[in-house]
Each structure stands twice: as C-alpha cells, then as structure tokens.
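**Student:** give me coordinates for this.
(one chain, ligands or ions: 1)
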Amino acid sequence: MMRSQQAPRRERERTGAIHERKMDRSSREESNAPKHVPAAPTTGGGHAAANEGESVRPDMAYRERSEENAVESDEEDQPVRELASPPSMLSNATHRTSSTSASNARTKRRLSIDPTNISNNLKQNLMASPEVNTARPPSATNMANQLPPLVIRCQARTRVPTPHGEIFLHLYTNNHDNKEHLAIVIDPLQLDPDMADISEDDEEENALDTPVKDVQSTILRQQRREKRRVREILRQRRPLISQTLNEVWREGETEMERLVRGAYVGRLTGEGGTASKPQSFISDSPHIQEAATAKSDIQDVPPLVRIHSECYTGETIGSMRCDCGEQLDEALRQICDEQVIKFKHAMAGYELKHDLQARLDQRPELRHLQSQTFGFEGKADFTQPGTPAGDDDEMAMSMELDSASNAAGGIASSTRSVSPQSSSRMDDSASLADATDPSVTDVQSTDSPPSTKRRVIEGNRAYLPGRGVIVYLRQEGRGIGLLEKIRAYNLQDMGHDTVSANLMLGHGADERKYDIAADILRDLGLGRNDSGIRLLTNNPEKVQGLSQEGIIISERVGMVPRDWQQSARRRMGPQSKKSKVHGAIFGGPVESASGMSDSMLEQNEGDSEDDVYDDWRRRRGGATLIGGSAARGPELEKYLRTKIERMGHSELLDRAQCIPTFVLTLMPT
Ligand SMILES: Nc1nc2c(ncn2[C@@H]2O[C@H](COP(=O)(O)OP(=O)(O)OP(=O)(O)O)[C@@H](O)[C@H]2O)c(=O)[nH]1
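**Tutor:** Got it, this is the predicted structure:
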C-alpha cells in the first residue's frame, strides 16, 4: 500500500479509536444494557504471520512492530463490531503506539515476521466463538434481565510476580457489560511442573525388597503409599487454564499469536515459549473421574476461590471505610498458601533408626543390640532418607528406641529433632531434586526473610502448592459504581450506614450479580460436577448467587478480618520472638511494619515459628495494599457491624464473639 494512502487511513483508525474509548467510558456504567451476541470468529482470513517455529525474541518483535506500524501496514480496515472491539487494553495500546510512532517517523526495520499481523489478528478475533459456554443452563440472572445468553472470553493472560508468589492474570470480556473482568489464577504447578516429580519409587522398591520385617518395613510401606498418593494428587491436578483462551481463534493462527495472547504452557523466556494446545476439559476424561471418586485417606483440597468486587477506595488509596483492600491481599495470601497434608505414619523415627544403626555398626561389641532393635542380624538396606517429624508418631518411635539407644551410649539423644516447620524454610533455590536428600540443609540465614518455597514432602507432611482463583469483578460499590458509592459515603458521614445510604440513593443494598463470575470459573474448569470449589466469603448472597448459576461449592471458608486474627492470636499467648523477627525483616520500627505497637507485641510471647512465618508472609512489604498489613479503625468497625447486622454475614458474628473487644464494639447494646 502506498504511504500517501496510508496516512489518512491511520488517522481514521486513530480518531475511531478515540471515539471508541469515549464510548467505552460512557458505557461503563450501563452494566445491564442488552448487547448483541458477539460475532462468530473470523476463520481462514487474516494474514500469515510468523512462520511456525521461527525463533523471534518476543520483546524485539514488539518493539519493532511499533515501528513497523508507524510506517507501513498492509492490513485492510478491520470491520467495526460492537463487541469485536471491546475496551481492550490490547486494542487501545495498539492504536496509541501507532499514532505516537508515526509522529516520530522512525526508520523502518524489516523483521523476519510481520508483527502487525499478530496484533491485527488478535484484534479481529476478540470476543469470537459464541459456542463457548452455551452448553450451560440458562442463567437465572439472564432470564430475569432478558439479556442475550452470556458469552465470555478470556482475551489474554500473563504471568505477574506478586509479594505472595507468581500468578496468572486473565482478562475477560463479555457481551453483557463491556467491562474487563479479571481472573487472578494461582497455580504454581503450571509454572514449575517439576514440583510434581517426587520420584522415589525405585529406591523404595529396593528398600522393600530387603528382608526387613520389623516396624521399619511397615513405616516404609506406609510412607511409600502416602508419597505415591501425594504424587498422584499433584499429577491429577487439572491445570487452571482458560478454555476460551486455549481455543484456536482462527485458522492458521500462529505460534507467536498464541504466545502473545498468553496461550502457552510453562513460562515465556527470551527464546520465546511453547504455545498451548487446545484441549477439552481433562476432567471429562474417565481417568480423572476415576481419580476423583477413588477412595483414599489422603485427599486433595479443592481450589480456594474468592469472588472479589472492585473497590477503588479500598484497593488503591487504602480506604479504611471498608475492608476490601485487605481482603484482596488476604485472599491472595490464603490461596497461595500451601495445603498441608499430615501423614499418618510417615517417616517418623526412620532417621533415628538409621542413625542408630550407623553407630551400632561402628561398635561391634554392641552388635547384639541390633537384633533386639531391628529384629534381624544383617545390615538393613536403608536407602530411604527421612526427617524426624517431631509429632506424636515420632515420639512413639523415639520412645520405642530409647532403651536401645541408651545402651548404645545415648545415641538417640544426639539425633536431630527438628520440627517440619523449622526445617521447611528452604531457600528458593532448593530444588525438588534435593527434596529427598537429607544432606540438603536449611540454608536460610538469620538476616534473610523466610522463603515462600517449601519442599513438597518434608518430614511427615506434604506441602501441596496452594491453588485457586480470585475473580475480580468490575462491580464497584456493590454494583452501583464509584460515583454513587462516593455519594453514599457522604450520606454515611451524615450518620447512615452503607445499606441505608444505598437505599436513599435509589439503589438496592447490593446490586451485584454472579453470572459472569460463574462463567469465568467454568471457563477455568472450576465448580463443575467432578470437583467443587472452596469459596472464601462471609456473604450468604455470594454463595447463593454462585450456586444458582450452577457452581458447585464444596465448602465456604470464612473471611476473617486480619485485625481479628491478630487479636485472637494476641489472646492466645505471649511471644518475644515476633518483635525481633519483625524488626529484622522490616528493618524499622515494629509498629510501622505491622501496625501493632511494641506493647501489643509483647503480649504475643509464645507464637510458634509457623505463626511468625505466616505473619511475615502476610505482611511482606509491597508498594500497594497487596502485601500490606491489617486495616483497623472506627469506620471499618462500623462497616463490619453493618455487614453483620444488616447483610447476614454471620461468619463475622461468630468470629467477633471470640474476641471480647469486638463483641463490645460491634454488638448492639
Ligand atoms: N455501595 C457501597 N459499596 C461499598 C461500600 N464500601 C465498600 N463497598 C463495596 O463493596 C464491595 C465489597 O463488598 P463487601 O460487602 O465488603 O464484601 P463481600 O465481598 O460482599 O463479602 P465477603 O465475601 O464476605 O467479603 C466492593 O465493591 C466495594 O466497592 C459502601 O459504603 N457503599
């Protein structure tokens, strides 16, 4: 295309984009305006972009694409479709880049692929594929509002490191409200599949082939069974991947297009990445169904899900009129937290015996004790390393061994007795290959913060990586929007509570809907028949709303304000270590880091090391409320009181009753 023809076209595109953005803004508040069902995907068209397998550094591709856009494009004008061009960050960003670059008139560079096409192909396919999710029953909300069937699509996902760990941010569009709803997916196995590799079976087989017939054999067998089960659990975990993102969006879609919109497996690197393959839900496969129904004493924990509603004031400027900022952070923390499975018989006492035998071997005069202790004369083939566990099982085993060890010169007393918690503070670099190597020691130094990464199996516990989703819905102010929420705040300053203020403004107490959230969960393969979710909320309407939309909720998990958690802990007992740890971690006055005064901390004598670790994770410094501390204040208390008294958040009431100060402040007199 000639350059003289190109400039007016670009100008049209640019002004069109501005108009589109204005329209987007004005339509943001029209959450219920009916829209057309989005058009079917464009197939077969488009332009061949990257040759498959061609090695192009993505960062280079993007940089050079901007420049290429600036000077030349062979693209036809894209058809304007109401929903084909939602207020997508991608499409807006592309328009902006074009116009800025044009004015700079940089030198054109040739690429081995035409990145313009990637961008245009992605734009062209936004909100395609109406067949997605139509298999579900008609939504109760849609029927009530006479909206067209809801269609959602994940337009892009990307990896984001956060103070709590790495997450995948998914951006969704839909045909009901023109808003970009988000899903924050926590699923570390997707990023580090090696975590599921706990391959010790061969060694264990060897150990069991030996003529060991005493209790050690029983422990090993049990341990082997439990480890195998953990490995099965990890392998059976269906990755939390968006089905709509994973589809092929157009015939001839290139690897690069898929990578750019986030349809990849593993990680992207400077070399590129591996595009994902479209796949049907694995949960539909007989293998997974069988696993789900298999009986075992060790079961996986269903993913933890939080449905969070946007709150500019709480999340961005740290408003303490509500608990939204803290809740977002707390939800992220809880979902990222490992799920701990405590083995029943585990490796307890194994290392004690191992150590004992090694020493007996060095003292032939005590060899007769070996048969007393182990029940055989020959040397056992101890190939299985173990870590003393420090719980009841270990106690039983150490007691069993006590007499022999005394006879052998107090050997048992020299054995390490390390709690799994203290031995679990592994350096991030500790690999899973090391996980079974007893020579790998805890490398945490005193002045570095505890690591977030543990071994999957340590001692008599398995630490399964936490996983779940925060669906971030753009329903500000319980669905009334920021403008109306601000007005409601003024009414609250005049003495009304959050419910009355909403009603006075002509709104419902809560205008939120959960149909989009339900579809997003379904798109991620959650809440379906084979596996329920654990829902993190105190709000009965949320539970009801999701259930009505067909989401299976296996458990509701209460969302307890952090200040209450801390109060409960303070009541539990004294602890001196905490203040030291806080001082060391944050390097400043304890109060500024934790929001707790020194005198409060002094009351915390006795907190376990795990509490300190959890507390550190909870409070890791972040630039925003993510990674922040507990919120507290009279207006927040008033807010919580209204939730209890007028919105049926009974979980809060239960918790408040455990904390006398809150019973006093929260309960009506
Ligand atoms: N209208 C209105 N909305 C508010 C107010 N304070 C916070 N919000 C909004 O309330 C929403 C959060 O709802 P909450 O009732 O705090 O909590 P919830 O999510 O329903 O319940 P949980 O799951 O138990 O936390 C966010 O969208 C906030 O923007 C207020 O005073 N008035």
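**Student:** residues from the chain in reach of the ligand?
**Tutor:** 309-311, 322, 324, 327, 475-478, 480, 485, 488, 498, 502, 537-539, 542, 559, 643, 649 (Cβ under 6 Å from any ligand atom). (C-beta placed from N, C-alpha, C; glycine too.)
**Student:** what about those residues, which are in strands?
**Tutor:** When those are checked against strands (DSSP state E), the matches are Ser309.
**Student:** the residues of the chain next to the ligand in helices, which ones?
**Tutor:** Using DSSP state H, the members of the residues of the chain next to the ligand that fall in helices are 324, 327, 485, 488, 498, 502, 542, 643.
**Student:** could I get these as CSV with pLDDT?
**Tutor:** Putting those into CSV (pLDDT from 0 to 100) gives the following:
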residue, pLDDT
Cys324, 92
Gln327, 92
Lys485, 97
Ala488, 97
Thr498, 94
Asn502, 96
Lys542, 96
Lys643, 83
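**Student:** ok, the residues you listed vs Thr269, which is closest?
**Tutor:** When these are compared for distance to Thr269 (Cβ to Cβ), Gln327 wins out at 34.3 Å.
**Student:** and for that closest one, the neighbour number?
**Tutor:** Gln327: 25 surrounding residues under other Cβ atoms under 10 Å.
**Student:** from Asp329, how far out is the residue lying closest to it once chain neighbours are set aside?
**Tutor:** Among residues not flanking Gln327 along the chain, Met559 sits closest, at 6.1 Å (Cβ to Cβ, 6 or more residues apart in numbering). Using Cβ to Cβ, to the nearest Å, Met559 is found at 12 Å from Asp329.
**Student:** alpha carbons only: can I get stretch 463-482 in PDB?
**Tutor:** Provided in PDB are the C-alpha atoms of stretch 463-482 (Å, rounded to 0.1, in the frame of the first residue of the first chain):
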ATOM      1  CA  TYR A 463       3.000 -29.200  51.400                       C
ATOM      2  CA  LEU A 464       1.000 -29.100  48.300                       C
ATOM      3  CA  PRO A 465       1.200 -25.800  46.400                       C
ATOM      4  CA  GLY A 466      -1.800 -23.600  47.000                       C
ATOM      5  CA  ARG A 467      -4.000 -23.000  44.100                       C
ATOM      6  CA  GLY A 468      -7.200 -21.200  43.300                       C
ATOM      7  CA  VAL A 469      -8.600 -18.100  41.700                       C
ATOM      8  CA  ILE A 470      -9.600 -14.600  42.600                       C
ATOM      9  CA  VAL A 471     -12.300 -13.500  40.200                       C
ATOM     10  CA  TYR A 472     -12.000  -9.700  40.200                       C
ATOM     11  CA  LEU A 473     -15.400  -8.300  39.100                       C
ATOM     12  CA  ARG A 474     -15.700  -4.800  38.000                       C
ATOM     13  CA  GLN A 475     -18.800  -4.100  40.100                       C
ATOM     14  CA  GLU A 476     -17.600  -1.200  42.100                       C
ATOM     15  CA  GLY A 477     -19.600  -0.100  45.100                       C
ATOM     16  CA  ARG A 478     -21.600  -3.400  45.300                       C
ATOM     17  CA  GLY A 479     -22.700  -2.800  41.700                       C
ATOM     18  CA  ILE A 480     -23.700   0.900  41.900                       C
ATOM     19  CA  GLY A 481     -20.500   2.300  40.600                       C
ATOM     20  CA  LEU A 482     -17.900   4.700  42.100                       C
END
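**Student:** I'd like the average pLDDT over that stretch.
**Tutor:** Here stretch 463-482 scores 95 as its mean pLDDT.
**Student:** ok, now stretch 156-175?
**Tutor:** 93.
**Student:** going forward, count from 47.
**Tutor:** Will do, 47 is the new start, and the previous item becomes stretch 202-221.
**Student:** now do the end-to-end distance for it.
**Tutor:** Length of stretch 202-221, first residue to last, Cα to Cα, to the nearest Å: 16 Å.
**Student:** again with stretch 588-606
**Tutor:** 16 Å.
**Student:** buried set for it?
**Tutor:** Neighbour-count burial for stretch 588-606, counted by 16 or more other Cβ atoms under 10 Å, picks out 588-589, 591-592, 595-599, 602-603, 605-606.
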